[in-house]
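Asker: I'd like to go over a predicted model; first the sequence, then the structure.
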Amino acid sequence: MTALQEFREAMRRDRQWSFMYSVRDLEVDVSQGAILYLEDLSVSFDGFKAIDGLNFYVEAGELRCVIGPNGAGKTTMMDIITGKTRPDSGSAFFGRNIDLLRLSESQIAEVGIGRKFQKPTVFEHHSVLENLELAMAGDKRVFPTLFARLSGQQRDRIDEVLGIIGLKAQAGREAGALSHGQKQWLEIGMLLMQDPHLLLVDEPVAGMTHQEMDRTAELLTSLAGKHSVVVVEHDMDFVRSIAKRVTVLHQGRVLAEGSMDEVQNDPRVVEVYLGE
Ligand SMILES: Nc1ncnc2c1ncn2[C@@H]1O[C@H](COP(=O)(O)OP(=O)(O)O)[C@@H](O)[C@H]1O
Ligand SMILES: [Mg+2]
């Protein structure tokens, strides 16, 4: 690093630091209807354009499905939204007011974007209830307060989330003893404890039984409205069962967007999927 680069890096860090005290108070502005604006985004890895002039918008309260062949850029798009990958160019706004490219990963979580990775990362040796407490505490290094010490409001919220994810009867069970599907729901519950405005869910039904898939469809559908949800999924039957609006990504940009029927009958989409 040259001295100039070092200086710039320090300035950049400093700016984020001074910003840090205020991000929790930032309220996402959805007055124009959209909660996410990705515009003209591009990012290359070793000269390969993983995202290439991407424009992608999500309405507040919407449940959006994103499909596309392997390597289309779906995960990279989520990485950009959550601050894990920085784009080479373009803009990413949460609501009209929050510039995601100026925030760190943890700040992006704080302003209300939650992400569920494919592999569940629940605390196996703690009960379902404790997992939710831990998620509410936010800081995963700190052991949670006892359930008895939570405020009535916090207890109500945990109870509500247990209901949403359908695990009331399992509250006292060790998370490690849950089925694969139940672990996935618990992890969605843990995200909900943070009250995110936007939830990003990457391949939620991989490895699930049909029954678990149906339950997951209900769960994600029930979250829309109060939250905005973006689901990346390969399983077409599942996408069909929840989809309102579907975005097809291909070579780092939007190939088609519309209802499931519209995109499935789009000759460009058919070609991309047949060519896989
Ligand atoms: N960190 C990285 N370094 C190098 N190449 C990457 C990296 N992340 C993604 N890619 C490449 O970018 C392309 C898009 O990947 P990805 O976003 O994972 O696609 P998808 O999730 O749609 O399957 C792929 O060709 C992948 O190999
Ligand atoms: Mg992926």
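Answerer: Received the coordinates, thanks. Numbers count the residues shown, from 1 in each chain. Ligands and ions are numbered 1, 2, ... in the order given.
Asker: Output the set of residues of the stretch 1-150 of the chain in proximity to ligand 1.
Answerer: Within the stretch 1-150 of the chain, the residues that sit near ligand 1 (C-beta under 6 Å from any ligand atom) are 45, 50, 68, 70-76. Using the backbone N, CA and C atoms, a C-beta is placed for each residue, glycine as well.
Asker: Now for the residues you listed: which two are most distant?
Answerer: F45 and G68 (17.2 Å; C-beta to C-beta).
Asker: Give me the more crowded residue out of those two.
Answerer: The neighbour comparison of F45 against G68 (other C-beta atoms under 10 Å) goes to G68, with 25 against 10.
Asker: Go ahead and confirm that one touches K74.
Answerer: Yes. Counting by C-beta atoms under 8 Å, K74 is a contact partner of G68 at 5.6 Å.
Asker: can you list residues touching both of the two?
Answerer: Taking C-beta atoms under 8 Å, 6 or more residues apart in numbering as the contact rule, G68 and K74 both touch L249.
Asker: tell me which helix or strand of this structure sits lowest on mean pLDDT?
Answerer: helix 3-20 (a mean of 56; mean pLDDT, DSSP states H and E).
Asker: continuing past that helix, what's the next helix or strand?
Answerer: Per DSSP states H and E, the first helix or strand lying C-terminal to helix 3-20 is strand 34-45.
Asker: list the buried ones in the helix or strand following that following strand?
Answerer: Moving toward the C-terminus from strand 34-45, the first helix or strand encountered (DSSP H and E) is strand 48-59. Neighbour-count burial for strand 48-59, counted by 16 or more other C-beta atoms under 10 Å, picks out 50-52, 54, 56-59.
Asker: Could you confirm whether the helix or strand just after strand 48-59 reaches ligand 2?
Answerer: The first helix or strand that comes after strand 48-59 along the chain, using DSSP H and E, is strand 63-67. No. Counting by C-beta under 5 Å from the ion, ligand 2 is not contacted by strand 63-67; separation bottoms out at 9.8 Å.
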